[in-house]
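Chemist: Could you work out the structure for the sequence below:
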Amino acid sequence: MRDPLMVYPVDETLFNSNGLRLLTPTVAEHTLEFGQAGSIHIEHPLDSDGDWKSLIPGHIIRAPVPFRGQTRWQPFRIYRRTKKRQSGAPVVSVDAMHIFYDLNYVLLEDVRPTNLDGQAAIQWLFSHPYAPNGTANLPLANFTFASDIATLATAYYEWKTMTGALIGEDNCILERWGGELFVNGLYFSINSVMEESLQNAFHIAYGCNLAEIEETLDYTNTFSQLVATDNYGNQAHASVPLSISGLPYEKTLYASFSYDDGMTAQQRAAQFGSDFGKYMAQIQEVEASYSVRHADLDDDDPFQQLASYEVGDSGIIEDSELEINTTQRITKTVTNLLTGERITTETGMLKRSIARKTTFSNTVTTEQSAAQKQIEALTEQVNDLDFAITVPTPITTAAGAYLTTADGKYLLYTKE
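Modeler: Take a look at the predicted model:
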């Protein structure tokens, strides 16, 4: 029998008791994505003992999260509650984010870790919160952290949250220092390679087809050449041969980088060079990904072995018949906390979400056609929503062409 989920009060940090209530949910799922700390979704009946009444925003759920065959207890703070009826039965559902995101409550007014390694940079952030009334009501003292990054770097954070400075902003620790996030309870690390991850851990050879696996190869955002400027007159250009990019023609992206006034000319030039190199490497990539729903696979399907690996682990996936041979990293998992079984595993590129902006979204501006801008705006309406609502959608012909009005606007329909 699986260990139960338990509810604790708002200010709990030790988790050495049974808490306020033991839960008996009908649904309990844990979702973890690479570079994030994870979340849970729970649906609970209105039980006669009143356990459901403890599921209120601010309370903490301690959940038994499977990790490499063992149970690793993780705390999640409730941020949303919904009361509803399913087939006439009353149900309360809650969503909770890992307690790591308590650092969203910490604001940085003007904090500038300068020429520091990873450990010193994080310590500098923790030592300089915006706290006009003192730090007693901030969660900083609850956390411990580590970093093995020896690279010296500089970043400026003005009116940013602690989580933004650590993992969310263009110049966050993950991006500027080049690290990867690992979280376990009230401890986190940002190391050069994700702590406790396994590299070259699996080799999945699929001999027939990928009918039960979804494979996506997308060249839409792949470029062979980059020309860029910044708002202080710096300019750079780089390209790769078509034989390497795999594109039929030279495909050039122009990008405008933007930096604040707080940096010296030398620092801006160095940062522009560093960001340009990272962005050039990013735009060369083909978006290749796999999504595996384990319940749909036969027991002897080779992709079942992905269920035993964790976010951050990497390995090779190949299919000789389809001439596929690619190194993939597990980027997202969804797990049933009631059974301990993996529901889905995703590998490959990280998808945009509400919790994670596109890399360089604040620093880089690229030129787009009016058509691209309109399509992206419509797409973002869908991407930014985690529940079903009515969304306008462009109308296409059977051949896939978009239908437009005389002034070039797309004809739309609404899909429920």
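
Chemist: Now stretch 55-72: buried residues?
Modeler: For stretch 55-72, burial by neighbour count (16 or more other C-beta atoms under 10 Å) applies to 55, 59-66. (C-beta placed from N, C-alpha, C; glycine too.)

Chemist: Show residues contacting the longest helix anywhere in the chain.
Modeler: In the chain, taking DSSP state H as the definition, the longest helix is helix 265-284. Helix 265-284 is contacted by residues 154, 175, 221-224, 226, 228, 230, 232, 234, 236, 238, 240, 244-245, 253, 255, 257, 259, 263, 359-360, 363-364 when judged by C-beta atoms under 8 Å, 6 or more residues apart in numbering.

Chemist: ok, 6 Å please
Modeler: 223, 226, 228, 230, 232, 234, 236, 238, 253, 257, 259, 360 (C-beta atoms under 6 Å, 6 or more residues apart in numbering).

Chemist: Please name the nearest non-neighbouring residue to Gln199.
Modeler: Distances taken as C-beta to C-beta, 6 or more residues apart in numbering put Ser314 closest to Gln199, at 5.1 Å, once the chain neighbours are dropped.

Chemist: now swap in Ala236 and tell me
Modeler: Distance criterion C-beta to C-beta, 6+ apart; nearest residue to Ala236, sequence neighbours excluded, is Phe276 at 4.7 Å.

Chemist: How about the longest helix of the chain, which residues are buried there?
Modeler: 268-269, 271-272, 275-276, 279-280, 283-284.

Chemist: now swap in stretch 95-104 and tell me
Modeler: Neighbour-count burial for stretch 95-104, with 16+ other C-beta under 10 Å as criterion, is recorded at 95-103.

Chemist: Could you pull out the helices in the stretch 51-200 of the chain for me?
Modeler: 118-127, 162-163 (DSSP state H, counting those that start in this stretch).

Chemist: could I get these as CSV with mean neighbour count and distance to Thr82?
Modeler: Below are these laid out as CSV (neighbours: other C-beta atoms under 10 Å; distance: least, C-beta to C-beta, whole Å):
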stretch, mean neighbour count, distance to Thr82
helix 118-127, 20, 34
helix 162-163, 24, 24
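
Chemist: Quick one: closest of those helices to Gly340.
Modeler: Across the helices of the stretch 51-200 of the chain, Gly340 has its closest neighbour in helix 162-163 (28.7 Å, C-beta to C-beta).

Chemist: where in the stretch 151-300 of the chain is pLDDT low?
Modeler: Within the stretch 151-300 of the chain, the ranges that satisfy pLDDT under 70 run 207-215, 288-289.

Chemist: hmm, back to that, run the chain-centre distance for the longest helix of the chain.
Modeler: Between the centre of helix 265-284 and the centre of its host chain there is 22 Å, according to C-alpha atoms, centre = their mean, to the nearest Å.

Chemist: Whichever helix or strand comes after that helix - contacts with which helices or strands?
Modeler: Counting by DSSP states H and E, the next helix or strand C-terminal to helix 265-284 is strand 287-293. With contacts taken as 3 or more C-beta pairs under 6 Å, 6 or more residues apart in numbering; DSSP states H and E, strand 287-293 sits against strand 214-218, strand 342-348.

Chemist: what's the next secondary structure element after strand 287-293?
Modeler: strand 314-319.

Chemist: can you tell me how far the residue nearest to Leu140 when sequence neighbours are not counted sits from Asp49?
Modeler: Distances taken as C-beta to C-beta, 6+ apart place Phe126 nearest to Leu140, at 5.6 Å, with adjacent residues excluded. As judged by C-beta to C-beta, to the nearest Å, Phe126 and Asp49 stand 41 Å apart.

Chemist: where does the stretch 1-150 of the chain have low pLDDT?
Modeler: Filtered on pLDDT under 70, the stretch 1-150 of the chain yields no residues whatsoever.

Chemist: The longest strand along the chain pairs with which strands?
Modeler: If each strand of the chain is counted by residues according to DSSP state E, the longest one is strand 70-86. As defined by DSSP bridges, the strand partners of strand 70-86 come to strand 60-67 (antiparallel), strand 89-98 (antiparallel).

Chemist: Rebuild the helices and strands packed on strand 287-293 as a markdown table, extending it with mean neighbour count.
Modeler: As requested, these are exported to a markdown table (neighbours: other C-beta atoms under 10 Å):
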| stretch | mean neighbour count |
| --- | --- |
| strand 214-218 | 13 |
| strand 342-348 | 22 |
